[in-house]
Structures are given as C-alpha cells and as structure tokens.
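In: Sequence and predicted structure, then a few things I'm wondering about:
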Amino acid sequence: MITLQVDLGERSYPIHIGPDLIGRAELVLSRLPGSQVLIVSNETVAPLYLDRVAAMFPDQQVDTVILPDGEEFKTLETTQRIFDALLAQRHNRTTTLVALGGGVVGDICGFAAACYQRGVAFIQVPTTLLAQVDSSVGGKTGVNHPLGKNMIGAFHQPRCVIIDTRTLDTLDDRQLSAGLAEVIKYGLIRDAGFFAWLEENLERLRARDQSALAEAIERSCRNKAEVVAADEYEAGCRALLNLGHTFGHAIEAGMGYGTWLHGEAVAAGMLLAADLSVRQGLLDPDAVARIRSLLERAGLPVRVPALMTVDRFLELMAVDKKVLDGRLRLVLLRAIGDAVVTSEVNPDHLVATIEAWRA
Ligand code: NAD
Ligand code: MG
C-alpha cells in the first residue's frame, strides 16, 4: 500500500492506494468523528463492493443509499434522497458519509456531506480510474443544474480516500481508457518523467497490472495534490489542470453529452492543444507525435469528429474568430511536462489546428 498525504493545513488527509484495501477497517476507523456512517453508492457498484465496505464499520450504525446509475442523476433531487435518509435515520453532526463509486457518486455524496448540518465528515472510496486520479483529490463537490454542469456545489475535503486498485478489474475498458486520458494529462502539464514512465508502462496499465496501476494513480494524485495545495480555490495555477478541456468540452457538448466520454474528449482536446502549441511556436513538433502515439496506445481517440466543424467549435468555445484577442484563455504546452496558460491565441492558427485534426 502507498499512502500519500494531501497537505491542506488542518484539512490535510491521506490517500491510501493499493490492491484489496476495501475491507481494511483500520484505514477508516481513525478518521470517523462519531459512530454513524451513511454509505452512498449506485445500483451498478453496490452489488460489487457494498457488503465489503459496510463490513469495515462493525461497531457503527451503518445506513445506505443506493442511487440510480448515470450522470443524469447528478442533481439536487438525488441529493435530497441522501438528506431524507440522514434525517430519517437520525444522523447527527458527527456522522460520516462514504462515497462508493465513480465521480458521479463522489460528487453528489461530497456535496451532501458539505451541506448536511453545514458540513459533516466524508470518506471517498472511488472505483473508476477517473475518480481515483481526479475527482477524489481537490475537494470539489457538486451537482448539475438543467442550465449547466457542476453549477451547484461546494469545496469540501474528504477525511481520507481509499483507492482499491482491484476495483478496476470490473471497470470496462472504455471507462479505463477515459481515466488514462487524465493520467496522461498530468505528465503533459508538469511531469515529463511520468510521461516517459507511461510510454514504458501503458500496456501494463491496460492489463490492470496492480503495481503499475498503483504507481500511475499515486503519481497522478501527487501531481494533482501539489497543484491543489498551491491553489486550493482555483485562483491561479490550478487552471493548468484544464489542458485539453476547452476543446474537450466543446466536443462533449457538440456531440451530445454522453456520446463521447469526458476523458475521450479531453484526449482529442489535448492533441489539439499540442498542435496549436506548435503553430504558436511554443512546442517542438516531435512532441505531438509522442502524445498522439501514447493516446492511441491508451485506446483514446486521436481525431476530432467530422461533425465538429470550425464554426461549431468556435460557437461552443464561445469565441468569435474575428475578435479573438484576449477572450480565449487556453492551456498550451512549451514541452512535454511544461504547460502554460495563454490568452494570446492566433485565430488563424486555431482554425488550422481544428481543420488538421478533423476526421
Ligand atoms: P461515473 O461515476 O458515471 O462512472 C462511470 C461508470 O462506471 C458508471 O456506470 C459507474 O456505475 C460505473 N462504475 C464505477 N465503478 C465501477 C467499477 N469498479 N466496476 C464497474 N463499473 C463501475 O463516471 P466517472 O468517470 O467516474 O466520473 C465522472 C463524473 O466525475 C462527472 O460527473 C464529473 O463532473 C465528475 N468529476 C468531478 C471532479 C471533481 O474534482 N470533483 C473531477 C473530475 C470529474
Ligand atoms: Mg477532466
């Protein structure tokens, strides 16, 4: 087992990473302020892992809420079901909410924990690679509104995070690849050594080699934790974590949410950002070939759908190519492992980049 400490002063917490951690009660018991626990999961993950998670709390009052599976249920209405259960079962201010599932369950459960009686403890047991390397670090919680994703939320740090790498055995290949996009992102924005390690070890990750997974997750969480520790409330360098995301969000929205997974859209978006970086004179073209090859080996898309025309992209990125100056802030690369935020994007370069990668 690897333990990583996220340093946030009195809100610091450990992330434990390794195989078969679900069931190791000693990891969670010292983090509970009281004797009540509410486990929140969904109908896909609960049958796989709920019993073993519940067994980690033998001397506590343990209640459960099982949500329907899907991003469309990441809403206030769903959050209300958690409050209903907490109140019906008389949970007090020392209760602990446990999120067992992917990023959707983690975001809803964390948000409920941030709100219930103005904030109670919560523990994350993330079970997708994306949730393990991304949403479990950083303290962002929240739900969607019909008018916007993640628009209702709070910053609320967990008491601890339990990452059992064996849970990835039941995750389907496409979801695993989507998580790898965010893993590769950390190498690209600030860790050239990690990017090179991924070039050596990518097939081991896709084969769910437990020690390779633990190392990739640890290095990803460490990178994200360092960025978050420097900028907990997103006033500065935390923006680098958005590499590929402006293009990616346009693809997700343009194709209809759910058609492309977030990680898939981010993968194509990172390639666009790299290509644009070359056109802007920031990045060596050889880097683009390396990035493309690694994304392909990860099972991720390296083309933009033909449906995504230049005009569609610009519309969805809320920019007008005639008046681009200063309005579009993008994360670009100066090298693999060195990202920069810039608002000096040449509109001709942007158009050429989109055209170059359309299928
Ligand atoms: P998800 O939670 O929808 O999980 C993907 C699918 O995998 C679901 O069907 C889920 O039930 C299933 N699943 C989960 N674990 C499994 C397992 N071990 N075995 C089999 N199936 C399993 O999606 P996600 O990609 O984990 O998370 C996406 C969400 O995370 C989005 O809502 C996004 O906004 C949020 N997010 C939050 C942050 C943050 O900082 N809070 C960061 C990134 C993403
Ligand atoms: Mg992301």
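Out: Now that the structure is in, tell me what you want to look at. The shown structure was predicted, so the numbers you read here are calculated from the model rather than taken from an experiment. Ligands and ions are numbered 1, 2, ... in the order given.
In: Quick one: the helices in the stretch 1-150 of the chain, in order.
Out: Here the stretch 1-150 of the chain has its helices, by DSSP state H, counting those that start in this stretch, at 26-29, 46-54, 76-88, 103-115, 129-130.
In: do you know which of these lies nearest ligand 1?
Out: helix 103-115 (2.1 Å; Cβ to the nearest ligand atom). C-beta here means a position set from N, CA and C on the backbone, and glycine is covered the same way.
In: What's the separation between whichever residue of the stretch 201-350 of the chain sits closest to ligand 1 and Leu180?
Out: For the stretch 201-350 of the chain, the residue closest to ligand 1 is His262, as judged by Cβ to the nearest ligand atom, at 6.2 Å. Using Cβ to Cβ, to the nearest Å, one gets 12 Å for the distance from His262 to Leu180.
In: more neighbours, the two?
Out: Neighbours were counted for His262 and for Leu180 using other Cβ atoms under 10 Å; Leu180 has more, 27 against 23.
In: my read: that one touches Ala298, true?
Out: Yes. Judged on Cβ atoms under 8 Å, Leu180 makes contact with Ala298 at a distance of 4.3 Å.
In: Quickly list what's touching both of those two.
Out: Common contacts of Leu180 and Ala298, defined by Cβ atoms under 8 Å, 6 or more residues apart in numbering, comprise Leu202, Arg206.
In: which residues touch the closest residue to Thr95 other than its chain neighbours?
Out: Among residues not flanking Thr95 along the chain, Gln36 sits closest, at 4.1 Å (Cβ to Cβ, 6 or more residues apart in numbering). Neighbouring residues of Gln36 by Cβ under 8 Å, 6+ apart: Gln60, Gln61, Asp63, Gln89, His91, Asn92, Thr94, Thr95, Thr96.
In: Pull the contacting residues for the last one.
Out: The one in question is Thr96. Thr96 makes contact with Arg31, Leu32, Pro33, Gly34, Gln36, Val37, Leu38, Val120, Ala121, Phe122, Ile123, Arg159, according to Cβ under 8 Å, 6+ apart.
In: ok, back up a step: relative to ligand 1, which of the contacts of Gln36 is nearest.
Out: So of the contacts of Gln36, ranked by how close each gets to ligand 1 (Cβ to the nearest ligand atom), first place is Thr96, at 18.6 Å.
In: so how far is Arg11 from the closest residue to that closest one other than its chain neighbours?
Out: Nearest non-adjacent residue to Thr96, counting by Cβ to Cβ, 6+ apart: Ala121, 4.3 Å away. As judged by Cβ to Cβ, Ala121 and Arg11 stand 11 Å apart.
In: quick one, which of these two is more surrounded?
Out: More neighbours surround Ala121 than the other of Ala121 and Arg11, with 21 against 14 (other Cβ under 10 Å).
In: So Phe195 is in contact with Ala339, correct?
Out: No. Between Phe195 and Ala339 there is no contact under Cβ under 8 Å: 11.8 Å.
In: Identify the contacts common to these two.
Out: Joint contacts of Phe195 and Ala339 (Cβ under 8 Å, 6+ apart) are Leu188.
In: Next, the buried residues of the biggest helix by length in the chain.
Out: Criterion DSSP state H: the longest helix present in the chain is helix 210-230. Neighbour counts over helix 210-230 (16 or more other Cβ atoms under 10 Å) mark 212-228 as buried.
In: Near ligand 1, list only the ones from the residues you listed.
Out: Among those, proximity to ligand 1 is found for none (Cβ under 6 Å from any ligand atom).
In: List the residues that contact Ile251.
Out: Counting by Cβ under 8 Å, 6+ apart, Ile251 has contacts Trp260, Ala265, Ala268, Gly269, Val304, Pro305, Met308.
In: Can you pick out the most distant pair from the residues you listed?
Out: The largest separation in these, counting by Cβ to Cβ, is between Gly269 and Pro305 at 12.3 Å.
In: Settle it for me: which of the two has more neighbours?
Out: Gly269 (26 against 17).
In: Just to check, the more buried one is in contact with Gly254?
Out: No. Counting by Cβ under 8 Å, Gly269 stays clear of Gly254, with 11.7 Å between them.
In: Just give the number of residues close to Leu294.
Out: Neighbour number of Leu294 under other Cβ under 10 Å is 21.
In: now the end-to-end length of stretch 52-63.
Out: 14 Å (Cα to Cα, to the nearest Å).
In: neighbouring contacts of that stretch?
Out: 22-25, 27-29, 32, 35-39, 41, 64, 85, 89, 91, 98, 100, 125.
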